[in-house]
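Chemist: Give me a model of this one.
(one chain, ligands or ions: 1)
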Amino acid sequence: MNPEALARLHARAFTGAPRPWSAAEFNALLAAPGVQLAAADAGFALIRVVAGEAELLTLAVAPEARRRGLGRALLARAEARAAESGAVEMFLEVAADNAAALALYAAAGYARAGLRRGYYHPASGAAVDALVLRKALVATAGSAPLS
Ligand SMILES: CC(C)(COP(=O)(O)OP(=O)(O)OC[C@H]1O[C@@H](n2cnc3c(N)ncnc32)[C@H](O)[C@@H]1OP(=O)(O)O)[C@@H](O)C(=O)NCCC(=O)NCCS
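Modeler: Just a heads-up that it's a prediction; the model follows:
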């Protein structure tokens, strides 16, 4: 998926907070150190791995493709990539009112690690808190942490 397609899908997936990211922003992210993309036809996950720690930068599934397991599969693929790159834990931020994502992350084993009050500023409406979630990653067989 190229930066334009990523931006289009991101804008369709995120209608509240955070704001959509532009093609230029995706282009810059994809060129940044440690950033990896896991993509499917109707969704993608973007992670950044730095010094044994991974961050889920974004996860998006097209509205018409939801509740079919794609979000769960992309998250699992992102976690596997992160572990293969030497990460021992994954962090992410999620809007406190995002029930679908919170359910997905809870089912995948993420636990609350922090709270950022008023973190998101949707174009319409009041600021929304972000929850910081964390999960310990288990290296898959055959993968070795980078030294
Ligand atoms: C969050 C998101 C990625 C989930 O993608 P998805 O492909 O629909 O998720 P899955 O079908 O893999 O769902 C996995 C599990 O998550 C939970 N879940 C997903 N959507 C849910 C919803 N709307 N309500 C309640 N639980 C939900 C369920 O436990 C679900 O398992 P089940 O279908 O067996 O009950 C998708 O809704 C999305 O793109 N939302 C907008 C962008 C976003 O919020 N991204 C994450 C922000 S960090």
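Chemist: Out of the helices and strands in this protein, which is least certain?
Modeler: Every helix and strand in the chain was compared by mean pLDDT, DSSP states H and E; the lowest is strand 111-120, with a mean of 94.
Chemist: Next, residue 77: secondary structure please.
Modeler: Following DSSP: H, G, I helix; E, B strand; the rest coil, residue 77 is assigned to helix.
Chemist: Tell me the strands beside the helix or strand containing residue 130, with direction?
Modeler: If you go by DSSP states H and E, residue 130 is part of strand 128-136. For strand 128-136, the paired strands and their directions (DSSP bridges) are strand 89-95 (antiparallel), strand 111-120 (antiparallel).
Chemist: Please identify the deepest-packed of these.
Modeler: strand 89-95 (a mean of 20; mean count of other Cβ atoms under 10 Å). Using the backbone N, CA and C atoms, a C-beta is placed for each residue, glycine as well.
Chemist: need the contact list for the residue of the chain found nearest the ligand.
Modeler: When scored by Cβ to the nearest ligand atom, the chain has residue 71 as its residue closest to the ligand, at 2.4 Å. Contact analysis of residue 71 by Cβ atoms under 8 Å, 6 or more residues apart in numbering lists 43, 59, 61, 104.
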